[in-house]
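What would the 3D arrangement of this be:
(3 chains)
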Amino acid sequence: MKHYLHIDDIDSMSSWLSLAAECKKEPFKYKKLGEGKVLGLLFFNNSLRTRLSTQKAAYHLGMHCMTMNFGNEGWALEFEDGTIMDQGKAEHIREAAQVVSQYCDVLGVRAFASLTEKEQDEAEMVLNGFRKYASIPILNMESATGHPLQALADLITISEHTKKKNPKVVLSWAPHPRALPHAVANSFIGIMRQNPQFDFSITHPPGYELNPEIVKDVPVSYDQNSALKDADFVYVKNWSAYKPYGEVLNNDPHWMITQDKLGEASFMHCLPVRRNVIVEDSVLDGDNSLVIQQANNRTYAAQVALLKILESL
Amino acid sequence: MKHYLHIDDIDSMSSWLSLAAECKKEPFKYKKLGEGKVLGLLFFNNSLRTRLSTQKAAYHLGMHCMTMNFGNEGWALEFEDGTIMDQGKAEHIREAAQVVSQYCDVLGVRAFASLTEKEQDEAEMVLNGFRKYASIPILNMESATGHPLQALADLITISEHTKKKNPKVVLSWAPHPRALPHAVANSFIGIMRQNPQFDFSITHPPGYELNPEIVKDVPVSYDQNSALKDADFVYVKNWSAYKPYGEVLNNDPHWMITQDKLGEASFMHCLPVRRNVIVEDSVLDGDNSLVIQQANNRTYAAQVALLKILESL
Amino acid sequence: MKHYLHIDDIDSMSSWLSLAAECKKEPFKYKKLGEGKVLGLLFFNNSLRTRLSTQKAAYHLGMHCMTMNFGNEGWALEFEDGTIMDQGKAEHIREAAQVVSQYCDVLGVRAFASLTEKEQDEAEMVLNGFRKYASIPILNMESATGHPLQALADLITISEHTKKKNPKVVLSWAPHPRALPHAVANSFIGIMRQNPQFDFSITHPPGYELNPEIVKDVPVSYDQNSALKDADFVYVKNWSAYKPYGEVLNNDPHWMITQDKLGEASFMHCLPVRRNVIVEDSVLDGDNSLVIQQANNRTYAAQVALLKILESL
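Here you go, the predicted model:
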């Protein structure tokens, strides 16, 4: 039984990529594989792309989907062990995960970082709660520290659009009015590190250092202009500080991505994107933006992940 | 590629009506047509009839449905161009519409009038936002100024129940505690004007004049009693003033429809209906009420609209 | 046309139990039966198990499901006759039930007790409103006074786990921070009374007497310890007082179920359960807990009820 919790669960990057290409060409090819199988999708947070693309992927695979917004449709969950549950939480993850495992064959879970409880976020309290107590495979639909479906879609997109063997890829921080999680950046860094053919680096203002255990030896620059120079792909994303955890240190508008900064590079973003805050209109509306293609590849990323899970059952 | 945005998108009234009759007789006849096709339903407002009847219609046509309450499940959308998105709106319609187009083959959108922003409502900001940026057909599930699925269901219902060649049809305003949109009235007027065999007129209190570009030369009377005289069908609906836009001018209970006023005429309403405010109980519970049949015909109206869209793909 | 509103709708306990066993063994055996049939699920309250298990059951039977959270997706319903609907309620149950009957072949309804309006709760205002005005079979997914799908799942679970002909079954009250409905306790008592082979009794603190018309001649004890002695199955549940209706009289923690009190008995609860309030961790995590099996049997209880309804169409 295989999960798709983290990009490390991709056993062979090249075989996943070719499977994605195959699914994109012939979406219903593996429709028999999911027949009679139920995919439960539990949302603890809002979702547009993940919600629809995962349902679409399941449909391509012949699976039956049951979607649930846990927040307002189910019961508030307790994740701590040994607590006296006499407050607001009505159900413990131990029961919830075991119960849901009996109604579904595969379980997708979306649960964002709190950005206030660092320890819980790093422990992936919700995702790992389900993994620990469920008896079925878990699909990570964005968790506190990772968004492996997004990263896989990003890799598919870069693969489809690169003309070079060793393209230069830069992850750039950009300003945003609210504190955002690190999940997308973390998984993108992870998948770049797993594919050493990319000339990969990161640029952000001082203070926005990401978790050093994830960044490891990836070059980091505080000088956005020099970092973006001659880039082939610029992946843009806001994140809040990792230290002090979840804080917005500054929102320097000079870090917004402009056509001028981008040059000939392709622009990437996971969406939703704040226009003229993260990036100026002309970039998004220009020919070098890949954001719509990335979103499309979310379907095939989910389809490959589900396919690998189904094959492991 | 055809949309169903407005009753003007009905290319031939008689062929649509006979197709509706055919679908009603044999609901699954065209089940092959939608096979492998995905219908996305995006709700920006509450819905009972539209939600269920459109899903039912899609099921009849073999389509796969993905339903989403955009308000609390997705991201707040920005529709203005060129704005600096540093406030509450997280995603621009340009991205949302393009992205959703990749997950679906047809897209249903429900977005009521604000009744406060006349210009935006008249421009059909939400519906037209999707039409402009989506690359797939759009199905109007009630927009700011029209409800063409309702109007088509209404026409089917009148056709089924008329014994005359030129029945007298009257649209009457009735009181309601809240300010309601003009969409249903607008589309009903439109479909009556497209079918000149009907002896059609409107009655409402002074001040409740609807958009003159929609009403055009339809006779309007401020005298409800004389307007309803010898009517065959009385379509009842509340709407707020068009000028001053969205205001409730008065709630004169004398405009409530009674059995006495109705006489032998059939009573029609799109539902939900406020009992003993819009119409007295005895009318709704009497033999001359067609409201349940109208609601049933919503399924076949949606089915015909989807069928025409599917045929155009 | 058969409903499943109440455990009294089970016409033959033994045939339902053997059908449940058959469905559990071969879930898709009756898949043809529901083909082309639509199950509408209307939720007026939160739900995890009922939501997913009923959808799963419908899937096994080949039915198409349309799920709706009536509270925030539809319109506030009026249930009183003759009212002037000029307040918050937008639609009357008379229209809603008739309309929905046209879109669905079977209708599941979940509507909890208010615990403040005793008369309305006892009259099963919501459930009976749908039963009265709908023209299709109704499936009770927990109503104000009963939860017959839960009771059937409970009976299936006991049947699967009993080694004795006349096992001793005890229903025990346990403390809870909030006022809870009587539905689960009522239906469990009812199904125990219908199966006189069980040596059945109830224990609760003074004041927590349930409706005497439901309890009838079932022995009731205020002494939990002696009541639990030599029990084979201990069904634990909190409920608020019946008199004064819906009140929490005390939350005596001594009534919490411990491993010590339970002895060799199997522990049962409908879930969600408050750990270390209703029952201590070691019981739930021990070998004698049947709560996960009960939840699993919700699928087969729903499947048998739907199967019986489908056969009656």
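
Nearest spatial neighbour of A:Ile214, chain-adjacent residues omitted?
Once flanking residues are discounted, A:Ile214 sits nearest to A:Asn186: 5.1 Å by CB to CB, 6 or more residues apart in numbering or on different chains. C-beta coordinates here come from the backbone N, C-alpha and C atoms, glycine included.

just checking, the one you found touches A:Thr145?
Yes: between A:Asn186 and A:Thr145 there is a contact under CB atoms under 8 Å: 5.6 Å.

who's more crowded, the two?
A:Asn186 (26 against 20; other CB atoms under 10 Å in any protein chain shown).

Now for A:Gln98, how many residues are close by?
If we define neighbours as other CB under 10 Å, then A:Gln98 has 18 of them.

per-residue confidence at it?
We note a pLDDT of 98 for A:Gln98 in this prediction.

Quick one: residues in contact with stretch A:301-313.
A:1-4, A:11, A:16, A:19-20, A:23, A:27, A:30, A:33-34, A:37, A:39, A:53-54, A:56-58, A:60-61, A:63, A:105-106, A:137, A:139, A:148-150, A:152-153, A:156 (CB atoms under 8 Å, 6 or more residues apart in numbering or on different chains).

List only buried entries from those.
Neighbour-count burial (16 or more other CB atoms under 10 Å in any protein chain shown) is assigned, among the contacts of stretch A:301-313, to A:3-4, A:16, A:19-20, A:23, A:27, A:30, A:33-34, A:37, A:39, A:53-54, A:56-58, A:60-61, A:63, A:105-106, A:137, A:139, A:148-150, A:152-153, A:156.

So which of those residues are in strands?
A:39, A:106, A:139 (DSSP state E).

tell me which of those is nearest to chain C?
Ranked by distance to chain C (CB to the nearest CB), these are led by A:Leu39 at 11.4 Å.

does that closest one have beta-bridge partners, and which?
Applying DSSP bridges to A:Leu39 gives these bridge partners: A:Cys65, A:Val106.

And the pLDDT for it?
In this model, A:Leu39 is scored at 98, pLDDT.

Please apply the same query to the one 10 residues further on.
The predicted local distance difference test score for A:Arg49 is 98.

swap in A:Phe198?
So, for A:Phe198, pLDDT stands at 97.

what's the neighbour count on it?
21.

What of A:Val109?
Count around A:Val109 with other CB under 10 Å applied: 27.

is it true that it lies in a helix?
No: counting by DSSP: H, G, I helix; E, B strand; the rest coil, A:Val109 falls outside a helix, being strand.

measure it to chain C for me?
Computed as CB to the nearest CB, to the nearest Å, the A:Val109 to chain C distance reads 14 Å.

same deal with A:Tyr235?
Counting by CB to the nearest CB, the gap from A:Tyr235 to chain C is 37 Å.

for that residue, helix, strand, or coil?
strand.

what's the answer for A:Glu213, then?
Using three-state DSSP, the structure places A:Glu213 in helix.

Let's see the pLDDT reported for it.
Looking at A:Glu213, the pLDDT reads 98.

What is the neighbour count of A:Arg307?
Heads up, residue A:307 is Leu, not Arg. Applying other CB under 10 Å, I find that A:Leu307 has 23 neighbouring residues.
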